[in-house]
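Engineer: Generate coordinates for the sequence data below:
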Amino acid sequence: MTASLALVASLLWGSSDFLGGRLSRGLPSRLVVLWSQLLSTVVLAGALAVTGGPRHGTAAVGLGAVAGLLWVTGLAALYRALAGGAAGVVAPIASCGMIVPVLAGIALGDRPGALQLGGVVAAGAGVVCCSGPGRTGAAGASRRPLLLAALTALAFGTEITLLSRPGPDGGPAAVLTTLTVMRAVAVLAVGLATLGSGPIGVPRADLPALALLGGLDVAATAAFLLAARDGATSLVAVLASLYPAVTVLLARGVGGERLRPVQGLGVLATIAGAACIAGGGTAA
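Structural biologist: The predicted model follows:
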């Protein structure tokens, strides 16, 4: 069951990343984040009310709020990166957020295993290859999406590290509370950032796609949290880190993207490195 949930999270995250990037090409990324998460927050709040209210203590709710701020920062950066760069390059770089839990473990006294160290080297080499000649030929235009993807990795990696901390109750009710707090904080943060930035309305025709986007991301996070509660952290992290491959496949199959050979090698190396970082054991 744990492996199945982690694979579902990977599939849904990859699909939501692709859809979010596509929507951000026609709408400002701030509006894509605001409306997709507003719609999903309404649904989550309703579900929370029906099930009897929050199931977390004050400290855990605060943790969820911090995770929400990190999440919205990473998501906004990701959508802007996908809107301005090739998804096949951006997504694997963003997946290197798995480095953050490894560094957190080192700070707490863990020793990375050989597989994790090899993953760091592979991911670093992959990023260098991915940042090779861009399709547009403009160095500045091709570098900005890479920097945004790196910010995404940092924000998402820190968020996952916080959410992976064991809590008093990791059951479905607690997961629902965490998701609701995260999304509510995200909507508030984006709403405040949007004030004075122009109209916040979106075409009615885009609402179904925005609702689908919010639902995909919420479902992916729920699947990840439910999988992680069983304690098989390495297995869950490995399977959940496969989502860039989903984004790449969708970008090629639906978006018709093509990568240069050096960038293709970089994508493969980055995905392999992320998987090794997430799945490698720690030495005793």
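Engineer: For the stretch 101-250 of the chain, just list every one of the helices.
Structural biologist: For the stretch 101-250 of the chain, the helices identified by DSSP state H, counting those that start in this stretch occupy 114-130, 139-163, 172-194, 207-228, 233-240, 243-253, in order along the chain.
Engineer: any idea which of the ones you listed scores lowest on pLDDT?
Structural biologist: Among the helices of the stretch 101-250 of the chain, helix 233-240 carries the lowest mean pLDDT, at a mean of 63.
Engineer: Help me confirm that residue 74 comes into contact with residue 156.
Structural biologist: Yes. Taking contacts as C-beta atoms under 8 Å, residue 74 lies within contact range of residue 156: 4.3 Å. Where you see a C-beta, it was placed from the backbone N, CA and C, and this is true even at glycine.
Engineer: where do the contact lists of these two overlap?
Structural biologist: Common neighbours of residue 74 and residue 156, counting by C-beta atoms under 8 Å, 6 or more residues apart in numbering, are 94, 97.
Engineer: I figured residue 119 hits residue 269, correct?
Structural biologist: No. If you go by C-beta under 8 Å, residue 119 and residue 269 don't touch, sitting 10.0 Å apart.
Engineer: So between the two, which is more surrounded?
Structural biologist: Taking other C-beta atoms under 10 Å, residue 119 and residue 269 do not tie; residue 119 has more neighbours (27 against 21).
Engineer: Now the more buried one: closest residue in space that isn't a chain neighbour?
Structural biologist: Nearest non-adjacent residue to residue 119, counting by C-beta to C-beta, 6 or more residues apart in numbering: residue 276, 2.8 Å away.
Engineer: packing partners for the helix or strand hosting the one you found?
Structural biologist: Counting by DSSP states H and E, the element that carries residue 276 is helix 261-279. Judged by 3 or more C-beta pairs under 8 Å, 6 or more residues apart in numbering; DSSP states H and E, helix 261-279 is in contact with helix 87-94, helix 99-107, helix 114-130, helix 233-240, helix 243-253.
Engineer: roughly how far is it from the heart of the chain?
Structural biologist: 17 Å (C-alpha atoms, centre = their mean, to the nearest Å).
Engineer: Quick check: the gap between the nearest residue to residue 270 once chain neighbours are set aside and residue 274.
Structural biologist: Using C-beta to C-beta, 6+ apart and skipping residues adjacent in sequence, the residue nearest residue 270 is residue 126, 3.1 Å away. As defined by C-beta to C-beta, to the nearest Å, residue 126 lies at a distance of 9 Å from residue 274.
Engineer: hey, what's in contact with both of the two?
Structural biologist: By C-beta under 8 Å, 6+ apart, residue 126 and residue 274 have these common neighbours: residue 92.
Engineer: The two: which has the busier surroundings?
Structural biologist: Using other C-beta under 10 Å, the more surrounded residue of residue 126 and residue 274 is residue 274, with 29 against 26.
Engineer: So residue 255 lies in a helix, does it not?
Structural biologist: No. Per DSSP: H, G, I helix; E, B strand; the rest coil, residue 255 lies outside any helix segment and is coil.
Engineer: Hmm, it is touching residue 87, no?
Structural biologist: Yes. Using C-beta under 8 Å, residue 255 is in contact with residue 87, at 6.8 Å.
Engineer: out of these two, which sits in the busier spot?
Structural biologist: Shown here are residue 255 and residue 87; by other C-beta under 10 Å, residue 87 has more neighbours (28 against 16).
Engineer: who touches residue 28 in this structure?
Structural biologist: Applying C-beta under 8 Å, 6+ apart to residue 28 gives the contacts residue 198.
Engineer: Mind checking the pLDDT average for the strand or helix carrying residue 33?
Structural biologist: Per DSSP H and E, residue 33 falls inside helix 29-50. Taken as a whole, helix 29-50 has a mean pLDDT of 86.
Engineer: Does anything pack onto it? Which helices or strands?
Structural biologist: helix 2-23, helix 58-84, helix 172-194, helix 207-228.
Engineer: With residue 41 as the reference, name the closest of those.
Structural biologist: Proximity to residue 41 (C-beta to C-beta) singles out helix 172-194 among these, at 4.1 Å.
Engineer: hang on, the earlier thing: gap between the residue nearest to residue 270 and residue 63?
Structural biologist: As judged by C-beta to C-beta, residue 126 and residue 63 stand 31 Å apart.
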